[in-house]
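Colleague: Just a sequence and a predicted model for now, questions to come.
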Amino acid sequence: MGGKSKSILRLGILLLLSLSVILSGCGGGNRTAGSGNSDADNGSGNAGDKAGAFEITAFIGEAGQQPTPDNKIYKKIKDELGATFKFEFLAGDINQKLGVMIAGSDYPDLMTGNTKLTAAGAYIPLEDLIEEHAPNLKKHYEKYWNMMKDPNDGHIYILPNYGAYNGEVSSTYYSGPAFWIQKSVLKEFGYPQVKTLDEYFDLIAKYKEKYPTIEGSPTIGFEILNYDWKNWGLFNAPQHLIGHPNDGGVVVNDGKAEIFADKDYAKRYYQKLNEVNQLGLIDKETFTQNFDQYLAKISSGTVLGMFDQHWNFQTAENALVTQKKHERTYVGLPLVYDTSIKDYYRDRPVLNLNNGFGISVNAKDPVRIIKLLDRLIQEDWQKILSWGIEGEDYIVTEEGRFMRTQEQRDKVTDATWKLGNKADTLFSFMPKMEGYYSDGNATDAAAQPEEYQAGLEDYDKEFLAAYGYESYVDFFSDPPENPIYYPAWSVDLVEGSEAKIVNTKLSDLSTKHLPQAILAKPGEFDKAWQEYTSEIHKLNVKAYEGRINEVLQWRIDTWTVK
């Protein structure tokens with residue numbers, strides 16, 4: 001329940017990110033994976049070292065802007081590695097464009113990772129190329145090698161652009177699920193450590209009693225979003241409260257999934273919501289409002305808390321920041337039922353399968369391309385592509401920490417400046433290091449603690465200092481390694497299948513019955529819950545669970561590194 005919505009959402013976010021950069025133009029004649037000229041093997045021994053100029057044509061799967069002709073990073077790549085890029089950005093509908101490309105076999109050297117192109121045979125297999133010519137890429141993807149293989153024929157066609165972590169995850173920003181609470185509530189009561197659901201609602205109740213209005217409008221204790229496919233605000237909290245990560249509509253133990261909608265630990269959550277509703281903490285319009293109305297209430301500064309994913313209400317929070325109402329912005333809390341349970345809200349980003357670069361069957365020199373990418377995945381070039389040029393785009397402190405001056409920070413937010421000084425089109429979709437470099441600096445400037453601190457508002461600096469934290473991510477436990485089968489929400493239920501039908505009916509039942517249970521009068525909750533679970537048990541839940549477990553087992557069998 002909520003699993004497919006999550007899948008659509010998160011895969012949608014990954015798709016938007018992935019279709020942001022992919023290189024293109026017109027292609028040459030058909031070549032095999034081993035084709036290429038002898039110059040590709042010349043040089044100093046480092047894969048991709050300069051061996052004569054060569055151009056790579058590349059297709060970007062969404063609208064974008066060309067880098068300036070004098071872009072300093074692309075110039076550096078040309079001067080030192082011999083490669084230039086000719087980009088074609090999407091103009092119009094992606095499906096129409098792909099249809100034209102496929103019909104005419106008109107493929108550039110590099111293309112957007114896309115299952116339609118894979119099905120059309122537009123990419124060459126990469127595993128042999130990598131094994132023979134790209135030791136750095138092989139090491140980079142070592143843990144993920146089997147995941148990258150196409151389930152239909154076992155070949156690797158796409159080099160994922162995100163999710164290949166080979167160390168600790170670095171982050172100063174959390175966009176996932178949590179119980180969110182206004183910073184003003186925590187400050188009002190002396191910055192307490194709030195760990196449990198009971199503590200959370202106790203604080204909200206006390207604050208609402210003390211401040212029944214905010215700037216003349218009634219204070220809203222708790223909002224619940226139950227609108228369209230964004231219904232995880234109502235559905236998904238129970239799995240986190242018992243210490244499990246986001247697997248959509250199921251909880252997974254030892255690789256086996258089962259629904260949690262009808263479980264006692266789910267009942268405990270909704271019974272709590274029933275209790276706090278009787279205290280007047282839940283918005284009376286929460287189950288009748290649409291998404292825009294939900295955001296409007298949050299941006300008004302009157303909502304004290306909600307369970308949601310941060311990215312989902314980010315625009316409303318941005319409005320509060322614009323109004324300089326920093327005290328009305330939110331902190332994510334990884335709540336559990338009791339302190340014996342360790343929170344597991346934060347996870348590691350999953351491998352961005354089917355999104356990144358693929359080399360086309362028309363590529364003029366696949367060996368040179370893979371060698372170039374192999375060279376660019378090395379740490380010296382990764383620093384250049386991510387941070388820029390030392391002394392120009394960032395400085396290094398006496399302690400060896402990467403930092404930016406305020407002037408440098410201002411520049412990297414200027415889109416025009418970036419066209420001449422960053423290689424974002426290339427970097428966004430090529431393989432990349434994620435986490436930390438060998439010297440301890442973050443691979444992403446936004447995740448460098450010092451940089452994050454320098455960009456904070458004074459209110460947030462004071463707030464974090466009160467907790468002894470460096471960022472709001474510190475409220476959460478560090479994410480462990482993802483299980484090999486994770487996440488269950490990404491399982492394709494197959495349109496028209498019994499599993500898909502059951503999932504849809506389960507979602508419909510929850511949308512109808514959970515509000516009734518939450519809004520039930522005192523003493524009537526158990527009856528409402530019984531009616532809800534009885535309807536669930538009429539469904540062929542085993543078909544739904546069976547499909548998920550079938551795919552999870554397949555992942556365990558085929559993705560595990562042998």
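Modeller: Yes, it's here. Remember, it's a predicted structure, so these values are computed and weren't measured experimentally. Residues are numbered from 1 along each chain as shown.
Colleague: C-alpha from now on. contacts and neighbour counts both.
Modeller: Will do.
Colleague: what ranges do the helices span in the stretch 1-150 of the chain?
Modeller: For the stretch 1-150 of the chain, the helices defined by DSSP state H, counting those that start in this stretch cover 3-18, 72-81, 94-104, 115-119, 127-133, 135-140.
Colleague: Quick check: buried residues in the shortest one?
Modeller: Within helix 115-119, the residues that qualify as buried by neighbour count (16 or more other CA atoms under 10 Å) are Leu117, Thr118.
Colleague: do the same with the second one
Modeller: Judged by neighbour count using 16+ other CA under 10 Å, the buried positions of helix 72-81 are Lys72, Ile73, Tyr74, Lys75, Ile77, Lys78, Leu81.
Colleague: related to what we said a few turns ago, would you mind telling me which of the helices of the stretch 1-150 of the chain is nearest Ala261?
Modeller: Distance to Ala261, taken as CA to CA, is lowest for helix 3-18 among those, at 11.9 Å.
Colleague: For the closest one, the averaged confidence score.
Modeller: Mean per-residue pLDDT for helix 3-18: 38.
Colleague: farthest pair in the buried residues of helix 72-81?
Modeller: Taking CA to CA, no two of the buried residues of helix 72-81 sit farther apart than Lys72 and Leu81, at 13.6 Å.
Colleague: Could you identify the helix or strand that succeeds the helix ranked longest in the chain?
Modeller: If you go by DSSP state H, the chain has its longest helix at helix 498-518. Proceeding C-terminally, helix 498-518 gives way to helix 525-536 as the next helix or strand, assigned by DSSP states H and E.
Colleague: In terms of secondary structure, what does that next one contact?
Modeller: Under the contact criterion of 3 or more CA pairs under 8 Å, 6 or more residues apart in numbering; DSSP states H and E, helix 525-536 touches helix 264-278, helix 498-518.
Colleague: Off-centre distance for the longest helix of the chain?
Modeller: Distance, stretch centre to chain centre, for helix 498-518: 26 Å (CA atoms, centre = their mean, to the nearest Å).
Colleague: rewinding a little: please convert the helices of the stretch 1-150 of the chain to a markdown table, extending it with distance to Asn503.
Modeller: What follows is the helices of the stretch 1-150 of the chain, written out as a markdown table (distance: least, CA to CA, whole Å):
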| stretch | distance to Asn503 |
| --- | --- |
| helix 3-18 | 8 |
| helix 72-81 | 48 |
| helix 94-104 | 28 |
| helix 115-119 | 25 |
| helix 127-133 | 37 |
| helix 135-140 | 37 |
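Colleague: out of those helices, which comes closest to Asp153?
Modeller: Relative to Asp153, the nearest member of these by CA to CA is helix 115-119, separated by 10.7 Å.
Colleague: other SSEs contacting the closest one?
Modeller: The contact analysis (3+ CA pairs under 8 Å, 6+ apart) places helix 115-119 against helix 94-104.
Colleague: what's the helix it packs on in contact with?
Modeller: With CA atoms under 8 Å, 6 or more residues apart in numbering as the test, helix 94-104 has contacts from Gly61, Glu62, Leu90, Asp106, Tyr107, Lys116, Leu117, Ala120, Ala122.
Colleague: average pLDDT across it?
Modeller: Mean pLDDT, helix 94-104: 94.
Colleague: quick one on the thing from earlier: and the contacts of helix 94-104, which of them are buried?
Modeller: Listed as buried from the contacts of helix 94-104 are Gly61, Glu62, Leu90, Asp106, Tyr107, Leu117, Ala122; burial here means 16+ other CA under 10 Å.
Colleague: Kindly reformat those residues as JSON lines containing distance to Gly233.
Modeller: Compiled in JSON lines, the buried ones among the contacts of helix 94-104 are given as follows (distance: CA to CA, whole Å):
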{"residue": "Gly61", "distance to Gly233": "32"}
{"residue": "Glu62", "distance to Gly233": "31"}
{"residue": "Leu90", "distance to Gly233": "35"}
{"residue": "Asp106", "distance to Gly233": "45"}
{"residue": "Tyr107", "distance to Gly233": "43"}
{"residue": "Leu117", "distance to Gly233": "36"}
{"residue": "Ala122", "distance to Gly233": "40"}
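Colleague: Which one of the residues you listed is nearest to Gly190?
Modeller: Closest approach between the buried ones among the contacts of helix 94-104 and Gly190, by CA to CA: Glu62, at 47.7 Å.
Colleague: So the closest one is in contact with Phe87, correct?
Modeller: No: with contact defined as CA atoms under 8 Å, Glu62 does not count as touching Phe87 (11.4 Å).
Colleague: Could you pull up the contacting residues of the residue nearest to Leu241 when sequence neighbours are not counted?
Modeller: Sequence neighbours aside, Val336 is the residue nearest to Leu241 in space, at 4.0 Å (criterion: CA to CA, 6 or more residues apart in numbering). By CA under 8 Å, 6+ apart, Val336 lies in contact with Lys195, Thr196, Leu197, His240, Leu241, Ile242, Gly243, Lys342, Asp343.
Colleague: what about 10 Å?
Modeller: Residues in contact with Val336 (CA atoms under 10 Å, 6 or more residues apart in numbering) are 179, 194-198, 237-244, 342-345.
Colleague: Pull up the per-residue confidence for it.
Modeller: With respect to pLDDT, Val336 scores 98.
Colleague: Which strand residues bridge it?
Modeller: Per DSSP bridges, the residues bridged to Val336 are Thr196.
Colleague: Nearest to Ser510 among the helices of the stretch 1-150 of the chain would be which one?
Modeller: Checking the helices of the stretch 1-150 of the chain against Ser510 by CA to CA gives helix 3-18 as the closest, at 12.9 Å.
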